[in-house]
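Asker: my questions concern the predicted model and sequence given below.
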Amino acid sequence: MKNSEIIQLTDKELVERIGEEQAILSKLKLNHAVSPLDNPLKIGESKRTVARLMTEMRKRELNNAQNG
């Protein structure tokens, strides 16, 4: 997911996507621990997506606190 796509999400959609991506990440980690994944780079990609989503959420929180 690109940053331009993340910025366009509403706050509610952002929270939902964070939950979904964290679930995907935990499932990938579990599957990788049981048997190696075909492409283990997906774990890192998923981590970065979660980090991007959480960064955008924090940015919005700080912006709301500053303006509100």
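Answerer: That came through, no problem.

Asker: helices or strands up against the longest helix seen in the chain?
Answerer: In the chain, assigned by DSSP state H, the helix with the most residues is helix 41-67. The contact analysis (3 or more Cβ pairs under 8 Å, 6 or more residues apart in numbering; DSSP states H and E) places helix 41-67 against helix 3-7, helix 11-34. (C-beta placed from N, C-alpha, C; glycine too.)

Asker: list of residues touching the last one?
Answerer: Identification of contacts with helix 11-34 by Cβ atoms under 8 Å, 6 or more residues apart in numbering yields 1, 6, 9, 37, 40, 42-43, 46-47, 49-50, 53-54, 56-57, 60.

Asker: buried stuff in that helix?
Answerer: Neighbour counts over helix 11-34 (16 or more other Cβ atoms under 10 Å) mark 14, 17-18, 21-22, 25, 28 as buried.

Asker: tell me the one among those residues nearest to Ala65.
Answerer: Leu14 (16.4 Å; Cβ to Cβ).

Asker: please state the offset of the least confident helix or strand in the chain by mean pLDDT from the chain centre?
Answerer: Every helix and strand of the chain was ranked by mean pLDDT, DSSP states H and E. The lowest is helix 3-7, at a mean of 93. Once both centres are worked out by Cα atoms, centre = their mean, to the nearest Å, helix 3-7 turns out to sit 11 Å from its chain's centre.

Asker: okay, now Glu56: neighbour count?
Answerer: 18 (other Cβ atoms under 10 Å).

Asker: is it correct that it is in contact with Ile7?
Answerer: Yes. Contact between Glu56 and Ile7 holds when scored by Cβ atoms under 8 Å: they sit 6.6 Å apart.

Asker: closest one of the buried residues of helix 11-34 to Gln66?
Answerer: Leu14 (18.3 Å).

Asker: who are the contact partners of the residue nearest to the spatial centre of the chain?
Answerer: The centre of the chain sits closest to Val50, judged by Cα atoms, centre = their mean, with a distance of 2.0 Å. Val50 sits next to 18, 21-22, 25 when contact means Cβ under 8 Å, 6+ apart.
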